[in-house]
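>>> fold the following for me, if possible:
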Amino acid sequence: ARSGDEEAAAKTAAAAAVTLDTGAPTLFDKIVSREIPATVVYEDESVLAFRDINPQAPVHVVLIPKRRDGLTQLSKADARHKDVLGQLLLAAKRVADQEGLDNGFRVVINDGPNGCQSVYHLHLHLLGGRQMKWPPG
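Got it, this is the predicted structure:
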């Protein structure tokens, strides 16, 4: 996706995010409940990982907590979320191993409109399979 498209999507999502904090199902909640199909590559009791529909690298997997529990953004995390935050990172490592990303990978968390967050359900992007660039954006 082009940078401008991502920025516009993030601004639109931020405007709607207020309603998401009420518990209305997000796109990712619907993927967890299997209302919306996804190519799942990893699942455990707390985490679901699936291929991004708009990949930005040869390997682009999105990892989400199965229960949102108010965790719409990393900036909304508090002490009760520490276990699931750790589980997300361990799952990212497992997926990277499974995908053969032995030469490295990147984990990205977009937070809020300036971070280009477009779905207000905390999620990690696992990117790999090519040389990453710095600075990232």
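
>>> what is the neighbour count of residue 105?
Here the number of neighbours of residue 105 (other Cβ atoms under 10 Å) works out to 21. Glycine gets a C-beta too; all of them are placed from N, C-alpha and C.

>>> cool, residue 111 as well?
15.

>>> and residue 107, by the same measure?
Using other Cβ under 10 Å: residue 107 sits among 16 other residues.

>>> what about residue 28, which helix or strand?
Of the helices and strands defined by DSSP states H and E, residue 28 is found in helix 27-32.

>>> helices or strands up against the next helix or strand after that helix?
Going down the chain from helix 27-32, the next helix or strand is strand 40-43, by DSSP H and E. Counting contacts by 3 or more Cβ pairs under 8 Å, 6 or more residues apart in numbering; DSSP states H and E, strand 40-43 is packed against strand 47-51, strand 59-65, helix 82-98.

>>> which residue is nearest the middle of this protein?
Central residue of the chain (Cα atoms, centre = their mean): residue 123, 2.4 Å from the mean position.

>>> give me the pLDDT value at the closest residue to residue 69 other than its chain neighbours.
Nearest residue to residue 69 in three dimensions, chain neighbours excluded: residue 81, at 7.1 Å (Cβ to Cβ, 6 or more residues apart in numbering). At residue 81, the model reports a pLDDT of 97.

>>> quick one: the helix holding residue 28 to chain centroid distance?
Distance of helix 27-32 from its chain centroid, counting by Cα atoms, centre = their mean, to the nearest Å, is 12 Å.

>>> so what touches that helix?
Around helix 27-32, the neighbours that count as contacts under Cβ atoms under 8 Å, 6 or more residues apart in numbering are 36, 37, 38, 48, 50, 62, 64, 66, 68, 119, 121, 123.
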